[in-house]
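In: Structural data only, the sequence is not supplied:
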């Protein structure tokens, strides 16, 4: 079995759309897993993925690349806090937000902390999704090593976290404001009516065609004038064709 046949079979039998990932990166990561498990070929690996839930979960974990931290990239988060959210809150008191491919929850919790300080006591609608159910469990738990908080203001760390056994545990009130659920950006249906969609440092692993489909679906999910917040290394080259206007780096508004 060659690599393309393996991808097709994974998509058909396991409902994971590997054809939307950049081939060189994907192949390197899969072959690294095969070496780790001492698997000699794609056919054998497919059989193990189908038959063994543990092998399949390892595959999903490795595929989704769960790397993030609180307030990752200070400049765009400052812009979000000082410009984007204040402008939104002038128009409506409750915001609906989607943190897509949220990984360990650091990103949606960062958003919630900002909103808690801008609108004390106010609950906004914040959904956070990821492909990996295991990482969602960790996110809901809200327990983090110190290095994931390195970009946070020390006063915020003191306000929102308690130290327990070398970890930082997030305030229960903040945790309760985020709804976590599993979602596949490539195949599942999207919600609607979002004022802000945050999807950072994820699309770089997808093909250009997949990126365009995702950003077109984000456009439909946003309210008129809603904002899409991407990672610092991500750009929508044809944003005007998709119905966006570029505000500053990382931020696109639905026209």
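Out: Looks like it arrived, so ask away. Source: prediction; values computed, not measured.
In: Endpoints of stretch 87-106, how far apart?
Out: 24 Å (C-alpha to C-alpha, to the nearest Å).
In: now swap in stretch 220-240 and tell me
Out: 14 Å.
In: go on, stretch 235-242?
Out: One end of stretch 235-242 sits 13 Å from the other (C-alpha to C-alpha).
In: Report how many residues lie close to the nearest residue to residue 9 once chain neighbours are set aside.
Out: Spatial nearest neighbour of residue 9, excluding adjacent residues (C-beta to C-beta, 6 or more residues apart in numbering): residue 46 at 5.4 Å. The way it works is simple: take the backbone N, C-alpha and C, and place the C-beta from them, glycine included. Using other C-beta atoms under 10 Å, residue 46 has 18 other residues around it.
In: got it, and residue 182?
Out: 12.
In: Assumed residue 97 was part of a helix.
Out: No - counting by DSSP: H, G, I helix; E, B strand; the rest coil, residue 97 falls outside a helix, being strand.
In: Use 147 as the first number from now on
Out: From this message on, residue numbering opens at 147, which makes the last subject residue 243.
In: now the residue nearest to residue 155: how far from residue 308?
Out: The spacing between residue 192 and residue 308, counted by C-beta to C-beta, to the nearest Å, is 45 Å.
In: contacting residues for residue 255?
Out: 216, 288, 316, 320, 321, 324 (C-beta atoms under 8 Å, 6 or more residues apart in numbering).
In: Kindly indicate which of those residues lies nearest residue 247.
Out: Nearest to residue 247, judged by C-beta to C-beta, of those is residue 324 at 14.4 Å.
In: which residues touch that closest one?
Out: With contact taken as C-beta under 8 Å, 6+ apart, residue 324 is in contact with 245, 251, 254, 255, 258, 272, 273, 274.
In: Among the contacts of residue 255, name the buried ones.
Out: Burial by neighbour count, judged by 16 or more other C-beta atoms under 10 Å, picks out 216, 288, 316, 320, 321, 324 from those.
In: Going by distance to residue 158, which of these wins?
Out: Once C-beta to C-beta is applied, the member of the buried ones among the contacts of residue 255 that ends up nearest residue 158 is residue 324, at 33.7 Å.
In: returning to what we had before: just the closest of the contacts of residue 255 to residue 174, please.
Out: residue 216 (29.1 Å).
In: any idea how far the closest one is from residue 316?
Out: Where residue 316 is concerned, residue 216 sits at a distance of 10 Å (C-beta to C-beta).
In: How about residue 225?
Out: Going from residue 225 to residue 316 by C-beta to C-beta gives 24 Å.
In: Which elements pack onto the strand or helix carrying residue 319?
Out: Element membership of residue 319 [criterion: DSSP states H and E] is helix 318-321. Using 3 or more C-beta pairs under 8 Å, 6 or more residues apart in numbering; DSSP states H and E, the elements in contact with helix 318-321 are helix 252-264.
In: mind running it again at 6 Å?
Out: Using 3 or more C-beta pairs under 6 Å, 6 or more residues apart in numbering; DSSP states H and E, no helix or strand is in contact with helix 318-321.
In: Please state the offset of it from the chain centre?
Out: Between the centre of helix 318-321 and the centre of its chain there are 20 Å (C-alpha atoms, centre = their mean, to the nearest Å).
In: For the protein, spot the helix or strand the model is least confident about on average.
Out: helix 199-210 (a mean of 80; mean pLDDT, DSSP states H and E).
In: about what we covered before: tell me which residues are up against the helix holding residue 319.
Out: For helix 318-321, the external contacting residues (C-beta atoms under 6 Å, 6 or more residues apart in numbering) are 258, 288, 306.
In: Beyond that helix, next helix or strand please.
Out: strand 324-328.
In: That next one pairs with which strands?
Out: strand 271-276 (parallel) (DSSP bridges).
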